[in-house]
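J.: Here is my input; please provide its structure:
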Amino acid sequence: MRRAISCAAMLLVLTVLLTVPMMARDDGRYANSPLKPWFESLHSEYGQCCSDADGYMVADVDWESDKGRYRVHLEGEWVVVPDGAGITVPNKIGRTMVWKNYIDGHPRVRCFMPGSMT
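T.: Down below sits the predicted model:
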């Protein structure tokens, strides 16, 4: 009986955690940006990238291209940008941006938009 209650409690906790929506970083400060609709339209083969508020600017020294493949330095790791993560529309801001998620505690690239390297 004790084991059944413990399993039921664990299932309840997992159910609650899986049904709580993830919180995005957009706190409204970009609501009047003229680029907001453009950012919200960005997507890769992995889906919508979300908005500028969810993306991170990457310094030129923290990304590189080698033989058509990109790598990005995120949180102390060089992460290979998957082929499907590239954003194919022209970059309106000129800066390199990355939208990331985590797998097993390590950053992974969901969307990547190379900058002009100036």
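
J.: From what I see, residue 96 and residue 115 are in contact.
T.: Yes - taking Cβ atoms under 8 Å as the definition, residue 96 is a contact partner of residue 115 at 3.5 Å. Where you see a C-beta, it was placed from the backbone N, CA and C, and this is true even at glycine.

J.: any common contacting residues for the two?
T.: Common contact partners of residue 96 and residue 115 (Cβ atoms under 8 Å, 6 or more residues apart in numbering): 58, 60.

J.: Between these two, which is the more surrounded one?
T.: For residue 96 versus residue 115, neighbours defined as other Cβ atoms under 10 Å are more numerous around residue 96 (22 against 16).

J.: Any idea what that one is bridged to?
T.: According to DSSP bridges, the residues that bridge with residue 96 are residue 58.

J.: That one and residue 79: what is the separation?
T.: In this structure, residue 96 and residue 79 are separated by 13 Å, where distance is defined by Cβ to Cβ, to the nearest Å.

J.: Show me where this protein has its strands.
T.: Counting by DSSP state E, one finds strands in the chain at the ranges 43-44, 47-48, 56-58, 63-66, 69-74, 77-80, 96-103, 106-113.

J.: Give me the buried positions along the third one.
T.: Okay, so that is strand 56-58. Judged by neighbour count using 16 or more other Cβ atoms under 10 Å, the buried positions of strand 56-58 are residue 58.

J.: The chain should start at 36 in everything you say after this.
T.: OK, 36 is where the count begins now, so the last one is strand 91-93.

J.: ok, now which ones touch residue 142?
T.: When the contact criterion is Cβ under 8 Å, 6+ apart, the partners of residue 142 are 109, 110, 112, 114, 135, 136.
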